[in-house]
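**Q** Here's a sequence, model it:
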Amino acid sequence: MSPPPLPADSNIVLTGFMGTGKTAVGRAVAERLGRWFVDMDAVIEQRARKPIRAIFAEQGEMAFRLMEAELCHELARERNLVIATGGGALVAEANREALGRSGVLICLDAPVEVILERLAGADDRPLLAGQDRRARVEALLAQRAAAYAAIPHHVDTAGKTVEEVAEAVIRIARRAGPGPLRIPVRHPNGEYPILIAAGLLVETGQAMLDAGLRPGPCAVVTNPGVAAAHAGRLVQGLEEVGFRPAVVEFPAGEAHKTLATVATLYDAFVAAGLDRRSPVIALGGGVVGDVAGFAAATFLRGVPFVQAPTSLLAMVDASVGGKTGVDLPQGKNLVGAFKQPELVVIDPETLRTLPSDEFRSGLAEVVKHAIIGDPAMFAWMEGRQLDGAEPLRWGLTEMIAAAVRVKVAVVEEDPLEQGRRAVLNLGHTFGHALEALSNYQMRHGEAVAVGLAAATRLAARLHVCEAELVDRVERLLERLGLPTRIAAGYAPEQVLAAMATDKKRLSGRLRFVLPRAIGDVDIFDDVPVEAVLGVLGELSGQDQRP
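**A** Purely as a prediction, here's the structure:
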């Protein structure tokens, strides 16, 4: 019988002989996963207020081993750490068992020649004192061989960079744990999974095999900036399981979300030898996902599609639900298709390279989803908890998952946007108009943030919601660094005219999604133009109320 999976917050414990890279690799792993890093030797030195060589000289090795054992058992009670042990810390079986219960144990290995090269010039290793350092290393390795062999996972660090070893460690830790968070999405033709876990991008190829996709030629559609930051890891994982990826780039930005760009993708797909079973993988933000998805929906009358979003906005919104498309000069998303992906791979680690302004922009969609269907998330983002509820202890992964679940619940109810799904356009009727007026220089999330403020004010003006809701929404948006006002230079009539090309019109009338309360929104088709102009006037400083 196999052991139960480790909990998601289990520790990652690195051990191995000196010179194998435990500290450097541990720091890299902790940084990538957003965890605390603990170097056991450094902690012992700090507590003893002296270097380890002094502890050996003044108190003896036994005293040091007792300090080491005490710290092992202390750290075993903690969670979500990356721990680098001393080279002999897990020789004692009791220490191995204690830290093994707290997480996954990984031993870093290297040949004697590599260890000697790395330790050349090191004078702080008391166990290497003496004339013949090679003989001492070989003797210590022989003494510890059985203990190191008892560690369940090993990584050979010879000839590898710190980042390469860190990647291998993260993959071992994930496989030893419960696996990524999985959110199923049902649609009329079947079901696909959304997978969420830090460091998951390199596992995309295996996830594609698990989803039933066939190895062979495939296309990774991205932009130059995202390609430089993330395409290498994605391609590595694809090639390891038999895919032959062609990386296809187009310039970043809404200005390139056009039919002309789609035509260049078709040419690249033909050159790469794609057939009807060859997947197209969107690696990037919402623009990449929309364009690549539309190309996948129409190339050879449809090829498999995979989403690997790298922006917060795309993770919580654009990658979920199957909507793809491009813009026309007359308006946003006027040409498109519903194309359900085979799977969505969300790796929050990719957000490390996202500019802070883009991350804040994505938070607007998180707020939108909270208003639509998750009062607990809204309260958590406000920094408070709901009355009588347990306090939420969320991190980035949990926030993304909560926002995704709201959208999944809506799109499952209305996969082709025939009714209920329209609530996901909360703030978008205003926001798309502002984007168009700015010639798409305004970030989508910033436009949505102003749209959320406008929709809430319109709801209050129409007595759909309490006035207090306006303060709550705008206070949260401003706390997150998002705008709540219309930029100078846009008159209310201009914004209203820009709304006239919005595809969310119904029988010539503008459709508004308005909040009644946090977690309760509805669709309104009979909003007086005077009320809309009044709200636009308030937010632009041109209040037109009599």
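
**Q** alpha carbons only for contacts and neighbour counts from here, please
**A** OK.

**Q** Apart from its chain neighbours, what residue comes closest to Ala272?
**A** Ala246 (6.3 Å; Cα to Cα, 6 or more residues apart in numbering).

**Q** which stretches of the stretch 201-350 of the chain form helices?
**A** Using DSSP state H, counting those that start in this stretch, the helices of the stretch 201-350 of the chain run over 204-210, 224-226, 232-240, 259-271, 286-298, 312-313.

**Q** picking that back up, list the residues that contact the residue nearest to Ala272.
**A** 217-220, 272 (Cα atoms under 8 Å, 6 or more residues apart in numbering).

**Q** Please parse the protein into its domains.
**A** When the chain is parsed with automatic domain parsing, its domains come out as 11-176, 181-352, 355-540.

**Q** what's the spacing between Thr20 and Asp156?
**A** 8 Å (Cα to Cα, to the nearest Å).

**Q** Between these two, which contacts overlap?
**A** 108-110.

**Q** In this structure, which residue is most central in space?
**A** Nearest residue to the geometric centre of the chain (Cα atoms, centre = their mean): Pro348, 1.8 Å.

**Q** What's the local residue count around the residue nearest to that residue when sequence neighbours are not counted?
**A** Spatial nearest neighbour of Pro348, excluding adjacent residues (Cα to Cα, 6+ apart): Ala198 at 5.2 Å. For Ala198, the neighbour count with other Cα atoms under 10 Å is 19.

**Q** Make sure I have this right: Ala198 is in a helix.
**A** No - counting by DSSP: H, G, I helix; E, B strand; the rest coil, Ala198 is not found in a helix; it is coil.

**Q** My read is that it contacts Leu33, right?
**A** Yes - counting by Cα atoms under 8 Å, Ala198 does reach Leu33; the two are 6.1 Å apart.

**Q** what touches both of those two?
**A** Contacts common to Ala198 and Leu33, judged by Cα under 8 Å, 6+ apart, are Glu349.

**Q** Next, work out how far apart Gly451 and Val91 are.
**A** Gly451 is 60 Å from Val91, by Cα to Cα.

**Q** Next: Val344.
**A** 42 Å.

**Q** which one of the two has more residues nearby?
**A** Using other Cα under 10 Å, the more surrounded residue of Val344 and Val91 is Val344, with 29 against 20.

**Q** For the more buried one, report the pLDDT, please.
**A** The score at Val344 is 97. That number is its pLDDT.

**Q** begin at 52 from here
**A** Sure thing, new numbering starts at 52, so read that last one as Val395.

**Q** which residues does it form a beta bridge with?
**A** Beta-bridge pairing for Val395 (DSSP bridges): Ile245, Gln358.

**Q** Strand partners (parallel or antiparallel) of the helix or strand bottoming out on mean pLDDT in the chain?
**A** Ranked by mean pLDDT, DSSP states H and E, the weakest helix or strand in the chain is strand 382-389, scoring a mean of 88. Note on strand 382-389: by DSSP bridges, its sheet partners are strand 374-379 (antiparallel).

**Q** can you give me the strands for the stretch 152-301 of the chain?
**A** Secondary structure of the stretch 152-301 of the chain, counting by DSSP state E, counting those that start in this stretch: strands at 154-160, 204-207, 232-238, 241-247, 268-273, 295-300.

**Q** Dump the first one to CSV, keeping only the CA atoms.
**A** This points to strand 154-160. In CSV, the C-alpha atoms belonging to strand 154-160 read as follows (Å, rounded to 0.1, in the frame of the first residue of the first chain):
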residue,chain,number,x,y,z
GLY,A,154,7.6,16.8,4.5
VAL,A,155,9.7,15.4,1.7
LEU,A,156,13.4,14.5,2.2
ILE,A,157,15.7,15.1,-0.8
CYS,A,158,19.4,14.3,-0.8
LEU,A,159,21.7,16.3,-3.1
ASP,A,160,24.6,14.2,-4.5
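
**Q** mind listing what it pairs with, with the direction of each?
**A** In its sheet, and by DSSP bridges, strand 154-160 pairs with strand 62-67 (parallel), strand 204-207 (parallel).

**Q** The fifth one too?
**A** Partner strands and pairing direction for strand 268-273 (DSSP bridges) are strand 295-300 (parallel), strand 331-335 (parallel).

**Q** can you tell which of those is closest to Val578?
**A** strand 331-335 (37.0 Å; Cα to Cα).

**Q** rewinding a little: if I look at the residue nearest to the centre of the chain, how far off is Gly387?
**A** 28 Å.

**Q** and if you look at Ala460?
**A** Ala460 is 22 Å from Gly387, by Cα to Cα.

**Q** Neighbour count: the two, which is higher?
**A** Per other Cα under 10 Å, whichever of Ala460 and Gly387 has more neighbours is Gly387, with 18 against 15.

**Q** Just grab the bridge partners of the more buried one for me.
**A** Gly376.

**Q** pretty sure it is in contact with Gly376, am I right?
**A** Yes - at 3.6 Å, Gly387 counts as touching Gly376 under the criterion of Cα under 8 Å.

**Q** any residues in contact with both of those two?
**A** With Cα under 8 Å, 6+ apart as the test, Gly387 and Gly376 both reach Phe345.

**Q** rewinding a little: the residue nearest to Pro399 and Ser329: what is the separation?
**A** 26 Å.

**Q** Could you report the neighbour count for Ala343?
**A** 32.

**Q** Would you confirm that it contacts Gly336?
**A** No - using Cα under 8 Å as the test, Ala343 is too far from Gly336 to be in contact (10.7 Å).

**Q** related to what we said a few turns ago, deepest-packed of the helices of the stretch 252-401 of the chain, please.
**A** helix 337-349 (a mean of 27; mean count of other Cα atoms under 10 Å).

**Q** re the thing from before, can you give me the buried ones in the least confident helix or strand of the chain?
**A** Neighbour-count burial for strand 382-389 flags 382-384, 387-389 (criterion: 16 or more other Cα atoms under 10 Å).

**Q** can I get these in a markdown table with distance to Asp465?
**A** Compiled in a markdown table, those are given as follows (distance: Cα to Cα, whole Å):
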| residue | distance to Asp465 |
| --- | --- |
| Gly382 | 24 |
| Lys383 | 22 |
| Asn384 | 19 |
| Gly387 | 17 |
| Ala388 | 15 |
| Phe389 | 12 |
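
**Q** which among those gets closest to Ala314?
**A** Gly387 (14.0 Å).

**Q** Excluding chain neighbours, give the residue nearest to Leu126 in space.
**A** Nearest to Leu126 is Leu150, by Cα to Cα, 6+ apart, at 7.3 Å.

**Q** For the one you found, the count of nearby residues, please.
**A** Quick note: Leu150 (other Cα under 10 Å) scores 23 neighbours.

**Q** if we can go back for a sec, closest one to Glu409 among the helices of the stretch 252-401 of the chain?
**A** Nearest to Glu409, of the helices of the stretch 252-401 of the chain and by Cα to Cα, is helix 363-364 at 7.9 Å.

**Q** mean confidence score for that closest one?
**A** Rounded mean pLDDT across helix 363-364 is 95.

**Q** now what about it, what contacts it?
**A** 336-337, 402, 409-410, 412-414, 416-417, 451, 496.

**Q** For the stretch 402-551 of the chain, give me the ranges with low pLDDT.
**A** Scanning the stretch 402-551 of the chain for pLDDT under 70 picks out the ranges 435-445.
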